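Novice: Below: sequence and its predicted model.
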Protein chains: 2
Amino acid sequence: MPQLGLLHGRAWASLLGKLLRPPGAVCIGAVHSHSQVAEAVLVSQLKPHQEKSNFIIKTPKGTRDLTPQQMVVREKILDLVVSCFKRHGAKGLDTPAFELKEVLTEKYGEDSGLIYDLQDQGGELLSLRYDLTYPSSLTSLCEVPFARYLAMNKVKKMKRYHVGKVWRRESPTVVQGRYREFCQCDFDIAGQFDPMIPDAECLKIMCEILSGLQLGDFLIKVNDRRILDGMFAVCGVPESKFHTICSSIDKLGKMSWKDVRHEMVAKKGLAPEVADRIGDYVQCHGGVSLVEQMFQDPRLSQNKQALEGLGDLKLLFEYVTLFGIAEKISFDLSLARGLDYYTGVVYEAVLLPTPAQAEEEPLNVGSVAAGGRYDGLVGMFDPKGHKVPCVGLSIGVERIFSIVEQKMKTFGEKIRTTETQVFVASPQKNFLQERLKLIAELWDAGIKAELLYKNNPKLLTQLHYCENMGIPLVVIVGEQELKEGVIKLRSVASREEVAIKRENLVAEIQKRLSES
Amino acid sequence: MPQLGLLHGRAWASLLGKLLRPPGAVCIGAVHSHSQVAEAVLVSQLKPHQEKSNFIIKTPKGTRDLTPQQMVVREKILDLVVSCFKRHGAKGLDTPAFELKEVLTEKYGEDSGLIYDLQDQGGELLSLRYDLTYPSSLTSLCEVPFARYLAMNKVKKMKRYHVGKVWRRESPTVVQGRYREFCQCDFDIAGQFDPMIPDAECLKIMCEILSGLQLGDFLIKVNDRRILDGMFAVCGVPESKFHTICSSIDKLGKMSWKDVRHEMVAKKGLAPEVADRIGDYVQCHGGVSLVEQMFQDPRLSQNKQALEGLGDLKLLFEYVTLFGIAEKISFDLSLARGLDYYTGVVYEAVLLPTPAQAEEEPLNVGSVAAGGRYDGLVGMFDPKGHKVPCVGLSIGVERIFSIVEQKMKTFGEKIRTTETQVFVASPQKNFLQERLKLIAELWDAGIKAELLYKNNPKLLTQLHYCENMGIPLVVIVGEQELKEGVIKLRSVASREEVAIKRENLVAEIQKRLSES
């Protein structure tokens, strides 16, 4: 399975080795970061001919520029995610950044205050694409535009991925990697198929991506909305309280059972004995044997919905065993997931702390990937209510970005922000023309090359530039070389130089680059 | 130089061969397109429990979903563009989709009605990233966020590229590939350098990209704002009319000189003899010899600004000659480019019709890439007015997308929307388990693989799926194979089947894929 190659093979492995050690153990200098500078708010004095006197130069609240360092990390992570989606036969799809306000608000009644609306400038009322958040849960914001796309085009079957920005008017908690603008990576399978095969593939994809990213050990919690609803019913939760009790249960990752129980009883008015019955279930987690156990459960086995959910989970466990990922999957009766539109299996991947991390402050990053089955959503957008069953997942790339960035900052690892392979230099004055001719030859051969934009730069300045930027090769042209029809090729690391015939230069560079 | 590989080498070359024939010559069926369907406006009947009765399912005016077919074309084009930017040592940068309203409106006074504002929901006033348009000119919308970034972070030197969406509340003219939401690809070099070296590199980049895209022959028109201003001054245009006359001149690509002259004289009140003097200049275009000729021009040579511009153009021609692209560059005194913030050289690439096309309706796609030098923009955002000279270019990717899409539609070329390499099939019932085990093995080896989500699909259905989707290889497992410890490997094109030992299967597939 392909793995994250942010740096060259060994360098990344060495970095990841460091990343997995407890934080604070190593610190080799500071990463150069524009984003700290970007926090500063500057007051601009405009020139006299402009009317407004002062304005503040900053990015909007909760947003940020992504520096070249951040872009490199992102690109590598997104490449790994997208190539996994493609490995599973997904097509790409993109939808506009904004939708008709109705399309979004029909779905997100109560939380629509978090949606960015566009100003009414005449014409349609629009809102930016949005992700519905429940505390501690990752949600799949592209599902609404995807469902709208399927209904609008009467598409009955589609496996697609979508990478894009979304926006949410939340109080930004920067530490947790939550911004008002963020990137989302979704994979969904729409269509009527035999049960649990696509669902199992979604879990396989989550495993491939999380293994590939080498973020450490992880676990995927699995539950089913029908089991959850059945459990509430057999425990005696009034149907009117399903939603609010569900959101209490959702906090179990962050709060102890005792506190959750208190919230349900004292704040939400649940009978204590009902809460205790729920407690017996939601503290259970395990493998396929727990599914079998629940089939035998005297109360749960009386509930038709729950039995359907359990039957599907049993099949799911059979398939994930064939996929070789059963040990990563945990049936967890406390997994609620916030979204109302899930109708069957739901899942959420969490990173597990290493033993060393568990001793210190645990990372507490919440889930890094999540999803589930939503068979009713497309029908809500279809004029005749035709349903298209869907199952999908969302990779929490922003959280993954911030985990990787934070660790890199801690370990002061330097990231190359350019991919330049060859630098074109001259030790003598008046060689700009030769440098320009030479670099054009390299570019035309597809070689990534740079030179200094100076007529007569010093050789030392040129070589320093290569060292600072991590450029591995330098070609040097001077009077002597020109006379002899050669170019000097220098390795920046070893400082070795060899003279190469001008006509063989490109081939020799390509050979060296393919070997490294 | 790398070229666009949308399809496999030969297939693409053959398609491009067709593309370059006059339109309408060949038509092999219709391309499957969701976007036509997407034009339909559906009225949705919501379910009774929802309050709103009807709403329209559509994308907002001037926007569209990008179908998998479109995404494939886009991805290939963007990959080519971005890898060219990286070949020239550029770093990636990203800025938020919205900026403080002030940041944008300080720049775009009169046209700010085209900016999408976000609704005032408390807090900052925000607007979506915007691109200032002048008729027939491409503009580089990321320049404002880029200048804001440089000023805010006091960055004095940077070579960066930026690919992102931008929004503009224009009347959408879909035919020309103009939408209210579109993708932008910018490359800019900021910093104080020796004259014209980065400027020449920008032209080289435009040539590499346009050659790589194989869109046909092209030309890059070059002028300099100082030459234009000098020309207006020596012709006797009152300074108050520079701007409006400039925008008339800008129409020369689309209108004849006679019509432009009429507009300047009859509508804009320019003296006829002044218009005629302008006419003598703006109808000139040529190579470096025209630069020399203008140096000798009795009027223009008296203007200090114009002489500076001519001196720089002379140097630019020297450098583009060294880069081997001089025959693509045309000094064109009619090139105005709309944006006020250009301070030096400006350029615009246009596709040239083939002789056959020139006879029929010319394509009239306007410019496909453009840019220029803007030395004052960053200083407008800097509190102390510190300037950072910049030069850059913008690739008109939306126009390029629509040219390629339109031609593909014309020629009915089928595009693969997935990259699946191997399909896992079985001719018998009850082989789902084996298929799942087998496909997991392929995925884990990094092979792109699919199967049907059915317990017992028919073999013919499975093989048809491969043919429809263009999947080149099928692995087949059945009772016989299981008994013999082999897997059948079938080539979809030749229908040849060979039995491969199970343990050698992955290696054999990888060998075949690397050969194809």
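Specialist: Done, it's in. Numbers count the residues shown, from 1 in each chain, chains lettered A, B, ... in the order given.

Novice: make it CA atoms for all contacts and neighbour counts henceforth
Specialist: Fine.

Novice: so where's the stretch 251-400 of chain A uncertain?
Specialist: The stretch 251-400 of chain A contains residues with pLDDT under 70 at A:338-339, A:358-365.

Novice: For chain B, what is the nearest residue in it?
Specialist: residue A:383 (3.9 Å; CA to the nearest CA).

Novice: Pretty sure that residue sits in a helix.
Specialist: No: counting by DSSP: H, G, I helix; E, B strand; the rest coil, residue A:383 is not found in a helix; it is coil.

Novice: burial of it, as a residue count?
Specialist: 19 (other CA atoms under 10 Å in any protein chain shown).

Novice: now the one 4 residues further on
Specialist: For residue A:387, the tally of surrounding residues (other CA under 10 Å) stands at 18.

Novice: Wait, it touches residue A:381, no?
Specialist: No: at 9.2 Å, residue A:387 and residue A:381 do not qualify as touching, with contact defined as CA atoms under 8 Å.

Novice: What is the end-to-end distance of stretch A:340-353?
Specialist: 30 Å (CA to CA, to the nearest Å).

Novice: tell me which residues in that stretch are buried?
Specialist: A:342-353 (16 or more other CA atoms under 10 Å in any protein chain shown).

Novice: and the residue positioned nearest the centre of chain A, what does it touch?
Specialist: For chain A, residue A:397 is the residue whose C-alpha lies nearest the centre (CA atoms, centre = their mean; 1.1 Å). When contacts are counted by CA atoms under 8 Å, 6 or more residues apart in numbering or on different chains, residue A:397 is found next to A:77-78, A:183-185, A:368.

Novice: ditto for residue A:420
Specialist: Contacts of residue A:420 by CA under 8 Å, 6+ apart are A:448-450, A:471, B:86-89.

Novice: and residue A:240, how far is that from chain B?
Specialist: 16 Å (CA to the nearest CA, to the nearest Å).

Novice: tell me the SS of residue A:260?
Specialist: Relying on three-state DSSP, one would call residue A:260 helix.

Novice: Residue A:235 contacts residue A:277, doesn't it?
Specialist: Yes: judged on CA under 8 Å, residue A:235 makes contact with residue A:277 at a distance of 5.7 Å.

Novice: Neighbour count: the two, which is higher?
Specialist: More neighbours surround residue A:235 than the other of residue A:235 and residue A:277, with 20 against 16 (other CA under 10 Å).

Novice: So for the more buried one, what pLDDT did the model give?
Specialist: If you check residue A:235, the pLDDT there is 96.

Novice: and what of residue A:247?
Specialist: 85.

Novice: Now for it, which secondary structure element holds it?
Specialist: Using DSSP states H and E, residue A:247 sits within helix A:242-249.

Novice: now residue A:375
Specialist: Using DSSP H and E, residue A:375 falls outside every helix and strand.

Novice: for it, what are its contacts?
Specialist: So residue A:375 contacts A:342-344, A:387-391 (CA under 8 Å, 6+ apart).

Novice: Mind doing that once more with 6 Å?
Specialist: A:389-390 (CA atoms under 6 Å, 6 or more residues apart in numbering or on different chains).

Novice: now do residue A:270
Specialist: residue A:264.

Novice: Could you rerun that using 8 Å?
Specialist: A:237, A:264.

Novice: Does it belong to a helix, a strand or coil?
Specialist: Quick answer, by three-state DSSP: residue A:270 is coil.

Novice: before we move on, what about residue A:334?
Specialist: coil.

Novice: How many neighbouring residues does the nearest residue to it once chain neighbours are set aside have?
Specialist: Sequence neighbours aside, residue A:282 is the residue nearest to residue A:334 in space, at 4.3 Å (criterion: CA to CA, 6 or more residues apart in numbering or on different chains). Using other CA under 10 Å, residue A:282 is surrounded by 19 other residues.

Novice: Ok, residue A:491 next?
Specialist: 16.

Novice: what about the closest residue to it other than its chain neighbours, how many neighbours?
Specialist: Closest residue to residue A:491 apart from its sequence neighbours, by CA to CA, 6+ apart: residue A:473 at 4.9 Å. By the criterion of other CA under 10 Å, residue A:473 has 25 neighbours.

Novice: cool, and the one 3 residues further on?
Specialist: Burial measure for residue A:476: 22 neighbouring residues, criterion other CA under 10 Å.

Novice: show me what contacts it?
Specialist: A:424-427, A:487-490 are the contacts of residue A:476 under CA under 8 Å, 6+ apart.

Novice: hmm, 7 Å instead?
Specialist: A:424-426, A:487-489 (CA atoms under 7 Å, 6 or more residues apart in numbering or on different chains).

Novice: who does it bridge with?
Specialist: residue A:425, residue A:488 (DSSP bridges).

Novice: Distance check, it against residue A:444.
Specialist: 18 Å.

Novice: related to what we said a few turns ago, as TSV, the contacts of residue A:397 with distance to chain B, neighbour count and secondary structure would be great.
Specialist: As requested, these are arranged in TSV below (distance: CA to the nearest CA, whole Å; neighbours: other CA atoms under 10 Å in any protein chain shown; DSSP: H, G, I helix; E, B strand; the rest coil):
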residue	distance to chain B	neighbour count	secondary structure
A:77	15	22	helix
A:78	14	20	helix
A:183	11	18	strand
A:184	14	21	strand
A:185	15	23	strand
A:368	21	22	strand
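
Novice: could you list every residue that touches the residue nearest to residue A:491?
Specialist: Taking CA under 7 Å, 6+ apart, one finds A:421-423, A:490-492 in contact with residue A:473.

Novice: Also residue A:469?
Specialist: Per CA under 7 Å, 6+ apart, neighbours of residue A:469: residue A:416.

Novice: run the last query once more with 8 Å
Specialist: Residue A:469 sits in contact with A:416, A:418, where contact means CA under 8 Å, 6+ apart.

Novice: And residue A:82, by the same measure?
Specialist: residue A:161.

Novice: near chain B, which residues of the stretch 201-350 of chain A show up?
Specialist: A:208, A:319, A:322-324 (CA under 8 Å from any CA of the partner chain).

Novice: quick check, nearest of the residues you listed to residue B:290?
Specialist: residue A:208 (61.2 Å; CA to CA).

Novice: So for the host helix or strand of that closest one, mean pLDDT?
Specialist: Assigned by DSSP H and E, residue A:208 belongs to helix A:197-213. Mean pLDDT, helix A:197-213: 97.

Novice: Can you pull out the residues in contact with that helix?
Specialist: A:1-4, A:77, A:80-81, A:84-85, A:88, A:189, A:218, A:220, A:316, A:319-320, A:323, A:325, A:328, A:345, A:349, A:369, A:372-373, A:391-393, A:395, B:444, B:453-454.

Novice: Strands - which of those residues land there?
Specialist: A:189, A:218, A:220, A:345, A:349, A:369, A:372-373, A:391-393, A:395 (DSSP state E).

Novice: Which members of those are the farthest-apart pair?
Specialist: Checking the ones in strands among the contacts of helix A:197-213 with CA to CA, the most distant pair is A:189 and A:218, at 23.6 Å.

Novice: who's more crowded, those two?
Specialist: Counted by other CA under 10 Å, residue A:189 and residue A:218 do not tie: residue A:189 has more neighbours, with 22 against 19.

Novice: tell me the strands in the stretch 101-250 of chain A, going along the chain?
Specialist: Counting by DSSP state E, counting those that start in this stretch, the stretch 101-250 of chain A has strands at residues A:126-128, A:158-167, A:181-190, A:218-224.
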